[in-house]
Structure formats: C-alpha cells, structure tokens
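Trainee: Next one to model:
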Amino acid sequence: YSEYWQQFFWTIWKNESFFLKSFDRIDSANNLRGVRSFLISEQAGWKVSKNFILEIHYTYIHSRSIVPDSPWRWQHRLELEGNRIFTLSSRYIITTRNRLEIRRLENEPKTSFRLRQRTWLAMPFEKPGFIQSFNMYNEVFYNLTTRRFTEDRLCPFLLTFKMSKELSMDLFFMLRMFTHNDIWHRSLVLGTQLTF
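Mentor: Residues are numbered from 1 along each chain as shown. Have a look, this model is predicted:
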C-alpha cells in the first residue's frame, strides 16, 4: 500500500512565549487513487522555557482506513502535549513530542485515550542554503483504553528546503505500521509539508 500526504503548517500568531498555529493534512488512498483522509488541527502553545513547550490542540479528522471497503468515520480529538528540546551540539537537535489524545470516534460510545511519543533528530547543514537540514524520527502510538501498541511511524528521511523568507517545505518518506481488527498492516508514505 502506498500513500501521499500533503501537509500545511501555518503560524497564525506568535510572540516570545505563546503561539497559535493551524495544521492541516490530506492523505491519498492507495496509489494516489482519490482522497482517504482530511485532518484539521487548531493548536495553541506556551514556551515555558527555551527547551520546553506545552501545547493544547483541537483536531477533527474525517477518514477511512487503508483496509479495503472501510467506511468513512469522523473523529474529534483533544490533544495535550509536553515537548522537550535537547541541543547536542550546534548541529544536532533532538525534539521529543509527548502527547495524550482524548478521542471521540463515530459509532464508538466511549471516549478513548491514546499516548503518542515521537523522537525527532534534526541535523542542520553547516552552511544552509536552499537545503536547510536532514531529519529523521520515529513515533509510537499506545492505546490506553485497549492497552496495546497500535501504530509505529518510522521516517528515515526528511529534507527541509527554504523556499523563501516565510516559506519552507519538507519532503519525507515514512514506513507506517498499524493495527486494524488486531491485524498489522504496512503502508509506505511519501509526503510534503509547507510551513509558513
């Protein structure tokens, strides 16, 4: 199974301590045959210190699984994050994203809870020009309601390009493994993200 993800990350407002952002994503179905998922996430954050950020998000998703004949379903999420940044040297930065999701899914009567942990390694180039940095990350999903790991997103390749003073673009490749009806599935994802 192969997917294409188009993401947009827009900084609506920010100052030294607080920010408001919007994150949007459109996912393709297998081999770019139509659309499989829409995601809209409105985000607020507080920079507690140079290396620690607290965030709260509201996210709406309308999607279907990559599993054939899966129905379209909506999902509402409240997301709470505590994110830590570690500077290893002038060229290496590790960012951890630690998220609790409180989720309501269509046709499921109970609220579910999920943890997500992403560790991201950024390697900015010594003399950045058009290409700014090389990155990689891994993100694991743990469903607190069912007490099971449900997804793993391994991204071994992400390049960040500086398009203009206010616009950058990420190009990434991801291997996504996830469960559906207790069966593990695999998907290859090619994606781009515009940040402005």
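Trainee: and the nearest residue to Y4 once chain neighbours are set aside, what does it touch?
Mentor: Excluding its sequence neighbours, the residue lying closest to Y4 (Cβ to Cβ, 6 or more residues apart in numbering) is S28, at 4.3 Å. Glycine gets a C-beta too; all of them are placed from N, C-alpha and C. Residues in contact with S28 (Cβ atoms under 8 Å, 6 or more residues apart in numbering) are E3, Y4, W5, G34, V35, R36.
Trainee: Surely the first one is in contact with V35?
Mentor: No: contact criterion Cβ atoms under 8 Å: E3 and V35 do not qualify, at 10.6 Å.
Trainee: Between those two, point out the one with more neighbours.
Mentor: Using other Cβ atoms under 10 Å, the more surrounded residue of E3 and V35 is E3, with 20 against 14.
Trainee: Doesn't the more buried one lie inside a helix?
Mentor: No: assessed with DSSP: H, G, I helix; E, B strand; the rest coil, E3 is strand; it does not lie in a helix.
Trainee: Who does it form a beta bridge with?
Mentor: Taking DSSP bridges as the rule, E3 bridges to V189.
Trainee: Look at it and report its pLDDT.
Mentor: As predicted, E3 sits at a pLDDT of 95.
Trainee: got it, and N30?
Mentor: On the pLDDT scale, N30 gets 86.
Trainee: Got phi/psi on it?
Mentor: Note on N30: backbone dihedrals following degrees, to the nearest 10 are phi -50, psi 130.
Trainee: can you pull the contacts of it?
Mentor: By Cβ under 8 Å, 6+ apart, the contact list for N30 reads Y1, S2, E3, I66.
Trainee: Relative to E126, how far out is it?
Mentor: From N30 across to E126, the span is 40 Å (Cβ to Cβ, to the nearest Å).
Trainee: so N31, which of the three states?
Mentor: Look at N31: counting by three-state DSSP, its state is helix.
Trainee: What segments of the protein are strands?
Mentor: Ranges of strands within the chain are 2-14, 18-28, 35-49, 52-63, 73-87, 93-105, 112-124, 131-143, 148-162, 168-180, 183-195, based on DSSP state E.
Trainee: Great, nothing more from me.
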